[in-house]
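1. Give me a model of this one.
(2 chains)
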Amino acid sequence: MTKLHYFNKADLPAVLNVLQEKWDVFAPIKRGVELRIRELPFTGEVYLGPKKPLIPLKMLFLPEVEDLFLLDIDKTGPHITPMEPIARERVIWGVLGCDIASLALLDRVFLKKPVDEAYRKRREQSILIAMACIGEGPECFCTSLGIDPLQPTGADAVLADTGETYLITFITEKGKRLIEALQPFLKESAETTDSRKIKEVLKLKYNRGDIPADQVPKEEKKLWDLSIWGDLASRCLGCGVCTVLCPTCHCFDVEDEQHGSSGKRFRAWDSCMNPGFTRMASGENPRPTQRERLRQRFLHKLTYFPVKEGVPACVGCGRCIVNCPVGIKIDQIITEIVKSFCRGD
Amino acid sequence: MENKLREIAREFLQQPDAQCFIGYEQVNEGPVRPAFIHTPGEVNRLVWNRECYTNLAAYLPKFAKTGGIVGIAVKGCDARALRELIRARQVERSKVFIVGLPCTGLKAPEGESIAERCFGCIFPKDFQYDAVLGPMTTPDFPPRTEDETLSGLSPEERFSFWEKEIEKCIGCDLCRKICYACFCPECIFESRQPRWVTSRRSLTEKFFYHSVRALHLAGRCIGCGECERGCPAGVRLMLINRQLQKDLQDLFDYKGIGVSEEPPPLLTFSKDDPDPFFGGDQ
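-> Below is the predicted model of the structure:
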């Protein structure tokens, strides 16, 4: 049983100010129609609700561009200065269950040996405050992937909007460290609560729990020759917006930059939709057409990752569905693959 | 009209050298999306309505290399793109079967009014369609009025406007891949050897990307607005593209890429060019 804490909505700016004294604080910020996770203070309105920021939470753990080390060459030889991935512990405020679930998937990639130290440090130095999500768009299907958007696993605390107040449930020891800082604003209710209490206040408005993501066959060879890949590939423009906006797409490229006798090595997000992603120095490309590239993207999420890790690499956020300019939908693809196997194609 | 379209497509696909018909379809109330129809039996998938946004001409250079004749449904803007693709020899006229869609304006994303991208649209003149669903004459689109966003701003103010705008860009490549005119087999942004542009998506790199993109499209952008529709970050790409069109009009008195048979000024030369490089007055 966890004690039930809450604070008045009007106190939100003050709450976030207090947190900034001790932590670097990140939150979804709305500026016009744009919604992005930003470091506070940032001009705009802190948004706590079911809309997803355009760029998912991965941006704070595997930044779009990240310097790895600096290199200086002088008479005494080369000097390498590694970059410090994170300066101060941070609070990430108001993120949704789908994005939080994506971190558990990224952990399976980056915390395995050899551990990605930059990712590990950022992970350890982050306190995740989830926003209980009642579902927003018709694109959402996180519940199909075993995610509870009202009480997401992996959050250190969960906020829930009850109208006048924000309920805040502190879950982990990390999360409980916020209690002291927030003391002036927190009110304790005489009631005690568990996750059911939040569910009484908030009911899921929209979410499709019937996308059979875990039923995609695990034998990749069976899936390779499905006709849907060709059909989808003729439509797919190969723009890669789906990979940029996917909370679980994590491929990067490493590049060197030289300025005179000094330089930098950095990594930046890459996309398997890009023909250069697999093109070798000889010009040979094992994924020569969009058919192979598109198939790779979906099967990586739906088959290769599940074979290695036991779970699909998708959190059902639907960002790829909303943003694909030619209407390619991962939920439809899952359903179609599973159906075609029921038919015995 | 949909029935007429399906009939035309069915007849086309019955020809022995027909490869595919590119049109639009809508599945389960989802967004209208491009459809690739290969057999006469599938033509009932085709739809034609005010949400057929995609400029299908962008798919043609890819298909042009696969042999057989490709059927394609085009709105006025798409037909302008198709004319330019034919002019640029990316598509052979004899290899396409062109069906004209008498568009009366696409639907604005919100509400029922005409999408802003359609304002001032001109249908291409003397364009040879193989079949049409109705007269392909420019309908009564609202005129395009001068965009006031940048007027009266000093260069510094403009720069800071663009800084804010370009900062939104997430570097995804969508605007390049959705564009009919981006048909280079290898774009400078993809080339690894030489590496013209780094993967560092700093503001400088993004500025560079958008400036190069604009200049490479100068005199080729037909103003369909697909880049801006697709942009997930809402970058106002059409402000750039329209400025390029305005410059063409001001400098060369040329109206609307793809509208007439006369080649766009940047794709031709004249012995009377005032620039000495082209043999004009020294």
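
2. Report the contact partners of residue 47.
-> Picked chain A for this. Neighbour list for A:Tyr47: A:Ala27, A:Pro28, A:Ile29, A:Lys30, A:Leu35, A:Gly94 [criterion: CB atoms under 8 Å, 6 or more residues apart in numbering or on different chains]. From N, CA and C alone the C-beta is placed, and that goes for glycine too.

3. nope, chain B please
-> So B:Val47 contacts B:Glu2, B:Gly23, B:Tyr24, B:Glu25, B:Gln26, B:Val32 (CB under 8 Å, 6+ apart).

4. same thing but 10 Å
-> B:Met1, B:Glu2, B:Leu5, B:Arg6, B:Gly23, B:Tyr24, B:Glu25, B:Gln26, B:Val27, B:Val32, B:Arg33, B:Ala35 (CB atoms under 10 Å, 6 or more residues apart in numbering or on different chains).

5. Chain A versus that one, what's the distance?
-> Using CB to the nearest CB, to the nearest Å, B:Val47 is found at 12 Å from chain A.

6. Now the helix or strand where B:Arg83 lies: average pLDDT?
-> Using DSSP states H and E, B:Arg83 falls within helix B:76-87. The average of the pLDDT scores along helix B:76-87 is 96.

7. Which positions in it come out as buried?
-> Of the residues in helix B:76-87, B:Gly76, B:Cys77, B:Asp78, B:Ala79, B:Arg80, B:Ala81, B:Leu82, B:Arg83, B:Glu84, B:Leu85, B:Ile86, B:Arg87 count as buried by neighbour count, 16 or more other CB atoms under 10 Å in any protein chain shown.

8. which non-adjacent residue is nearest the first one?
-> Translated: B:Gly76. B:Phe123 (3.8 Å; CB to CB, 6 or more residues apart in numbering or on different chains).

9. Run a quick neighbour tally on the one you found.
-> By other CB atoms under 10 Å in any protein chain shown, 22 other residues sit near B:Phe123.

10. List the contacts of it.
-> B:75-77, B:79-80, B:100, B:102-103, B:135-139, B:141, B:256, B:258-259.

11. Which phi and psi values does A:Glu219 adopt?
-> Dihedral angles of A:Glu219 (phi, psi; degrees, to the nearest 10) stand at phi -90, psi 100.

12. Next: the one 5 residues further on.
-> Dihedral angles of A:Trp224 (phi, psi; degrees, to the nearest 10) stand at phi -60, psi -40.

13. how much space between it and A:Ala213?
-> Look at A:Trp224 and A:Ala213: by CB to CB, to the nearest Å, they are 19 Å apart.

14. Those two: which is more packed in?
-> Set A:Trp224 next to A:Ala213 and count neighbours by other CB under 10 Å: A:Ala213 wins out with 24 against 11.

15. Which residues are in contact with that one?
-> A:Ala213 neighbours (CB under 10 Å, 6+ apart): A:141, A:144-146, A:301-302, A:306, A:311-316, A:330-331, A:334-335, A:337-338.

16. if we look at chain B, which of those residues are close to it?
-> Among the contacts of A:Ala213, none lies close to chain B by the criterion of CB under 10 Å from any CB of the partner chain.

17. Now B:Val235: which helix or strand?
-> With DSSP H and E as criterion, B:Val235 is part of no helix or strand.

18. which ones are touching B:Pro40?
-> Contact partners of B:Pro40, counting by CB under 10 Å, 6+ apart, are B:Arg6, B:Ala9, B:Arg10, B:Glu11, B:Phe12, B:Leu13, B:Gln14, B:Gln15, B:Ala18, B:Phe21.

19. I'd like to know how many residues surround the residue lying closest to A:Asp210 once chain neighbours are set aside.
-> Nearest residue to A:Asp210 in three dimensions, chain neighbours excluded: A:Ser144, at 6.5 Å (CB to CB, 6+ apart). A count of nearby residues for A:Ser144, using other CB under 10 Å, gives 21.

20. do the same with A:Ala132
-> So A:Ala132, with other CB under 10 Å, has 28 neighbours.

21. pLDDT score assigned to it?
-> Listed pLDDT for A:Ala132 reads 92.

22. what about it, distance to A:Glu21?
-> As judged by CB to CB, A:Ala132 and A:Glu21 stand 26 Å apart.

23. go on, B:Val235?
-> The value you get for B:Val235 to A:Glu21, if CB to CB is used, is 36 Å.

24. the more surrounded of those two?
-> More crowded of B:Val235 and A:Glu21, by other CB under 10 Å: B:Val235, with 21 against 8.

25. Could you pick out the residues of the stretch 1-150 of chain A near chain B for me?
-> A:Arg31, A:Gly32, A:Val33, A:Glu34, A:Arg36, A:Leu54, A:Ile55, A:Met59, A:Glu64, A:Val65, A:Asp67, A:Pro138.

26. Which pair in these has the greatest spatial separation?
-> A:Asp67 and A:Pro138 (39.8 Å; CB to CB).

27. Run the chain-centre distance for the strand or helix carrying A:Thr169.
-> When elements are assigned from DSSP H and E, A:Thr169 belongs to strand A:165-170. Its chain's C-alpha centre and that of strand A:165-170 lie 23 Å apart, by CA atoms, centre = their mean, to the nearest Å.

28. In contact with residue 173: list those residues for me.
-> No chain specified, so I'll use chain A. Per CB under 10 Å, 6+ apart, neighbours of A:Glu173: A:Asp156.

29. looking at chain B here, not the other one
-> B:Asp173 neighbours (CB under 10 Å, 6+ apart): A:237-241, A:243-244, A:271, A:273-274, B:182, B:187, B:189-190, B:209.

30. rerun that using 8 Å as the cut-off
-> Taking CB under 8 Å, 6+ apart, one finds A:Cys239, A:Gly240, A:Val241, A:Ser271, A:Asn274, B:Phe189 in contact with B:Asp173.

31. Looking at those, spot the one nearest A:Thr76.
-> B:Phe189 (38.6 Å).

32. which SS state does the closest one fall under?
-> Of the three states, B:Phe189 takes coil under DSSP: H, G, I helix; E, B strand; the rest coil.
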